[in-house]
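*Asks:* With the input below, show me the fold.
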Amino acid sequence: MMPAGRKNAVRKESLWIYRPSLDLVVGCGAWSVPLLLLAYFTSASSTLTWSIAFYVLALFFNYPHYMATIYRAYHTEEDFNKYRIFTVHITLLVALTILLSHVWVQSLPWIFTLYLTISPWHYSGQNYGLCMMFARRAGAAPAPRQRRALYAAFLISYGVLLANSHTGRSTDPLFVSLNLPEKISFRLQIALAAAFFGCAAYGLRGLWKQVGAKKLVPSLTLFSTQCVWFVIPPLLSWFQPFQIPLSRYSTGVLAVMHSAQYLWITSYYAKRETSAGTSRTWRPVAYFTVLMAGGVALFIPGPWLASRVFHFDFTRSFLLFTALVNIHHFLLDGAIWKLRDGRIAALLVHSRAEIAQEATAAGSRTMSGLRWLAGPSARARRLRTAAACLLLTWACVDQVRYYFAVHHENLADLKLAAALAPYDTPLELRLARQAMQQGDPQESIHAWQYAIQADPRDRAARDAWLRYLTEQHQVDEAYRRTGEWLKTAPKDASLLINHGILAQQSGHAEEAESSWEKALQADPSQADADLYLALDLETKGKLAEAIPHYEAYLTKMVGRPAPALPPAANLIDVAMKLADCNARLDRFDLALKYYKMARTLAAQTRQTNLESLADVSEAALRMRIGADGARGDGHGLGASGKGDGSQILQALALYQDALRLDARVDDRHSEAVDWYAYATFLQKEGFPAKFVYAGFVKSEGLFTEAANAQQAATAGQVRKKLERQLGTQAAAIRENPEPTLHEALLLTR
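*Replies:* Next up is the predicted model:
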């Protein structure tokens, strides 16, 4: 049995992995605060620089750290067989998912959301494992309750970030949020943060009593890192200046720090595994070369080949490979790195003597299939060297492509990037926009063609090309293109709507109606399809068929958030059309309902002209209702010699309200038309002639456009007849009509 003093010396010597500074900064994450602050305060002003920097760092940190897990699981036949469900079955499942997800493009947001949701859990698990490793290297032996409290603390801190990332609607098309209400999410995060500090205090207190504060410095640093990574940023994000999107946070500087931490511990493990019980020497350069080349092989060839050979969208393919390789890594990593595994504990926690005992049982045989490739023969070495050179060269080309692709305002750089990877939809769209701005429409067309070929379902490329064709008045070409695209996306509601519009403009009315009906079948929530169908049916005189589509349009608009609503004038116009259609079908109650809706919405949104129009339209309808009631046909609400009195009084008030609204805006045409209508109403209902005369004088003076020549002529004819009737009174009114007009606006009967 080792003497106590000797045992303590060994423990003291073995507390650190490499050396205190490196272990604390990289392994325990002491650099988190300065790096996160640097990334936060500089990324907003140097987005391009940081984007390129993170892409370069991925080559040296992110990619190799995934390969480190592969190296660990596949390096020996024993490990390969031990984790066979992960090394074979789940690997094949992930590979199959990669293939299927390239065909089923709608899967990308769900896969990427899963990746973004699991990655912080993976980071938390690694921090917990390292915390316990350092505690055991320091000689601590936490009781089960303390260990569970420590584990709960890391789990709860992950819950804080998870709740924060799924709060409200997602603004990222790649992230599907659970849409937690903000109030509930905020309270949940506060409660979880309090639980985190409580569990951490209880667990660390027990360790503190066992080994003291000095030996707990690495474990305490890891706890502070966990807090900085997952507790503080979500709570700060409730303040506007500190909001950071989850995708940028989790896959940016946090991923780089995690990857560096992972390489730090796996390199130590590989070093001790190589030297334990064998005569082999540790070769760090060869080890990191294998990790870099293998990491490149995991991420880069797949998207390049999928894009070049099968014309898949490069960006979508890259995101799929990134997400699924990460998910595979999370599963495999969670299985192989367990301190309760005797061999893992021996290499990361135990003394050298204990390592030797464990190594004897473990063995170091390699899998038979890889034995020759990893062997010392000259041919195997040449093959390994050639493969590594090819992969690293490929990685350099990929870095160059990305460097040129992010220069949005440089057309030459974008062309070079597109030449390297032509089937990249976001890149081609940037190229098309820049080419159009610089007066090169032909280059834009080529870019749109590549973008659509890479992803026929992408609306951005199609819409941009259609916009260009319609701006150039190439309606027939646009109509032909949408017809071609529908062959590959026959149930794309947006495309069906656009095709219907172009078909109508090209003289194919029946095809337009059919296209809009198909759009509603593909996506019943498409309000625009209802609107276009309603307009088309109304034009054809099919009012009863148009009304349900107008009503469906307004119903769908009610369910939309304010930013997604069309201009208020559009909604008011639809309500007016509904009222007009119902009025023409003698559905007076419904017509009045929609005129009131239009008037109310116009008043709320300060659309004064439209409010006035709704007043006049409803007044005309009430005149009609009153006249029908006087004839006794059942439509009016009463009978009198001059129409239904209640309807006429309401019409009078509506005309007056419309004219007061007209006076507030500079719209001579509307004011002229409304004074003409009011004067006609007063004359028909038998009001004193002076008010009728003043109204026609006012409208005649306001009519200035040739389009109103007929109304102006009619007003003039009526005015002349009234002049003979009024005699000298007409001249006085004609000289100064304002007092009489003011009096006319105060009439009650």
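*Asks:* Low-confidence stretches in the protein?
*Replies:* With pLDDT under 70 as the threshold, the chain has low-confidence stretches at 1-13, 39-47, 75-77, 239-251, 275-280, 338-376, 628-644, 704-712, 749.
*Asks:* domain ranges for it?
*Replies:* 4-399, 473-564, 567-665, 669-749 (automatic domain parsing).
*Asks:* got the end-to-end distance for the third one?
*Replies:* Right, domain 567-665. Start-to-end span of domain 567-665 (C-alpha to C-alpha, to the nearest Å) is 20 Å.
*Asks:* Just say which of the domains of the chain is most tucked in.
*Replies:* domain 567-665 (a mean of 19; mean count of other C-beta atoms under 10 Å). (Each C-beta comes from the backbone N, C-alpha and C, glycine too.)
*Asks:* Now do the helix or strand where residue 722 lies: everything it contacts.
*Replies:* Element membership of residue 722 [criterion: DSSP states H and E] is helix 709-726. Taking contacts as C-beta atoms under 8 Å, 6 or more residues apart in numbering, the residues outside helix 709-726 that touch it are 672-673, 676, 679, 683, 689-690, 692-693, 696-697, 699-700, 703, 730-731, 733-734.
*Asks:* Tell me which helix or strand comes right after that helix.
*Replies:* By DSSP H and E, the next helix or strand past helix 709-726 is helix 728-735.
*Asks:* continuing past that next one, what's the next helix or strand?
*Replies:* Next element after helix 728-735 (DSSP H and E): helix 738-744.
*Asks:* and that following helix, what does it pack onto?
*Replies:* helix 689-702 (3 or more C-beta pairs under 8 Å, 6 or more residues apart in numbering; DSSP states H and E).
*Asks:* from the middle of its chain, how far away would the helix it packs on be?
*Replies:* With C-alpha atoms, centre = their mean, to the nearest Å as the basis, helix 689-702 stands 58 Å off its chain's centre.
*Asks:* contacts for it?
*Replies:* With C-beta under 8 Å, 6+ apart as the criterion, helix 689-702 contacts 668-669, 671-673, 675-676, 678-679, 682-683, 711-712, 715-716, 718-719, 722-723, 725-726, 729-730, 733-734, 737, 740-741, 743-744, 747.
*Asks:* Could you verify my assumption that residue 54 touches residue 259?
*Replies:* No. Counting by C-beta atoms under 8 Å, residue 54 sits too far from residue 259 to count as a contact (11.2 Å).
*Asks:* How about residue 290, nearest residue that isn't a chain neighbour?
*Replies:* Leaving aside its sequence neighbours, residue 290 sits nearest to residue 71 (C-beta to C-beta, 6 or more residues apart in numbering; 6.6 Å).
*Asks:* Let me know the next secondary structure element after the helix or strand harbouring the one you found.
*Replies:* In this assignment (DSSP H and E), residue 71 forms part of helix 63-74. Sequence order places helix 77-82 as the next helix or strand after helix 63-74, per DSSP H and E.
*Asks:* What is that following helix packed up against?
*Replies:* If you count contacts as 3+ C-beta pairs under 8 Å, 6+ apart, helix 77-82 packs onto helix 63-74.
*Asks:* Just the CA atoms of the helix it packs on, as CSV, please.
*Replies:* Presented in CSV, the C-alpha positions along helix 63-74 are these (Å, rounded to 0.1, in the frame of the first residue of the first chain):
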residue,chain,number,x,y,z
TYR,A,63,-13.5,19.6,-37.9
PRO,A,64,-10.7,17.9,-36.1
HIS,A,65,-12.7,17.6,-32.9
TYR,A,66,-15.3,15.5,-34.6
MET,A,67,-12.6,13.3,-36.1
ALA,A,68,-11.1,12.8,-32.6
THR,A,69,-14.3,10.9,-31.6
ILE,A,70,-14.2,8.8,-34.7
TYR,A,71,-10.5,8.1,-34.1
ARG,A,72,-11.3,7.1,-30.5
ALA,A,73,-14.2,4.7,-31.5
TYR,A,74,-12.7,3.2,-34.6
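*Asks:* So which elements touch that helix?
*Replies:* helix 77-82, helix 253-275, helix 284-299, helix 314-336.
*Asks:* Distance check, the residue nearest to residue 394 when sequence neighbours are not counted against residue 385.
*Replies:* In this structure, residue 394 finds its nearest non-sequential neighbour in residue 300, 5.7 Å apart by C-beta to C-beta, 6+ apart. Separation of residue 300 from residue 385 (C-beta to C-beta, to the nearest Å): 19 Å.
*Asks:* for residue 164, same thing?
*Replies:* In terms of C-beta to C-beta, residue 164 sits 47 Å off from residue 385.
*Asks:* and if you look at residue 555?
*Replies:* 68 Å.
*Asks:* try residue 74
*Replies:* 20 Å.
*Asks:* Kindly report the same for residue 176.
*Replies:* Where residue 385 is concerned, residue 176 sits at a distance of 44 Å (C-beta to C-beta).
*Asks:* for residue 397, same thing?
*Replies:* Per C-beta to C-beta, residue 397 is found 19 Å from residue 385.
*Asks:* backbone phi and psi for residue 282, please?
*Replies:* phi -80, psi 130 (degrees, to the nearest 10).
*Asks:* ok, it touching residue 271?
*Replies:* Yes. The pair residue 282 / residue 271 is scored as a contact, 4.5 Å apart, by C-beta under 8 Å.
*Asks:* so who does residue 572 touch?
*Replies:* Applying C-beta under 8 Å, 6+ apart to residue 572 gives the contacts 598, 601-602, 605, 607, 610, 614.
*Asks:* try it again with 6 Å
*Replies:* Neighbour list for residue 572: 598, 601-602, 610 [criterion: C-beta atoms under 6 Å, 6 or more residues apart in numbering].
*Asks:* so which of the residues you listed comes closest to residue 82?
*Replies:* Distance to residue 82, by C-beta to C-beta, is smallest for residue 601 among those, at 69.2 Å.
*Asks:* so the closest one, which of the three states?
*Replies:* helix (DSSP: H, G, I helix; E, B strand; the rest coil).
*Asks:* tell me which element the closest residue to it other than its chain neighbours falls in.
*Replies:* Leaving out its chain neighbours, the residue that sits closest to residue 601 by C-beta to C-beta, 6+ apart is residue 572, at 5.3 Å. Secondary structure assigned from DSSP H and E places residue 572 in helix 568-584.
*Asks:* before we move on, the earlier item: may I have the helix holding residue 722 as PDB, with CA atoms only?
*Replies:* Output in PDB follows, covering the C-alpha atoms of helix 709-726 (Å, rounded to 0.1, in the frame of the first residue of the first chain):
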ATOM      1  CA  ALA A 709     -67.200  66.000 -68.100                       C
ATOM      2  CA  GLN A 710     -70.600  64.200 -68.100                       C
ATOM      3  CA  GLN A 711     -71.200  64.800 -64.400                       C
ATOM      4  CA  ALA A 712     -70.100  68.500 -64.800                       C
ATOM      5  CA  ALA A 713     -72.500  68.900 -67.800                       C
ATOM      6  CA  THR A 714     -75.400  67.400 -65.800                       C
ATOM      7  CA  ALA A 715     -74.700  69.600 -62.800                       C
ATOM      8  CA  GLY A 716     -74.700  72.600 -65.100                       C
ATOM      9  CA  GLN A 717     -78.000  71.700 -66.700                       C
ATOM     10  CA  VAL A 718     -79.700  71.200 -63.300                       C
ATOM     11  CA  ARG A 719     -78.100  74.400 -62.000                       C
ATOM     12  CA  LYS A 720     -79.600  76.400 -64.900                       C
ATOM     13  CA  LYS A 721     -83.100  75.000 -64.300                       C
ATOM     14  CA  LEU A 722     -82.800  75.900 -60.600                       C
ATOM     15  CA  GLU A 723     -81.600  79.400 -61.400                       C
ATOM     16  CA  ARG A 724     -84.900  80.000 -63.200                       C
ATOM     17  CA  GLN A 725     -86.800  78.700 -60.200                       C
ATOM     18  CA  LEU A 726     -84.800  80.600 -57.600                       C
END
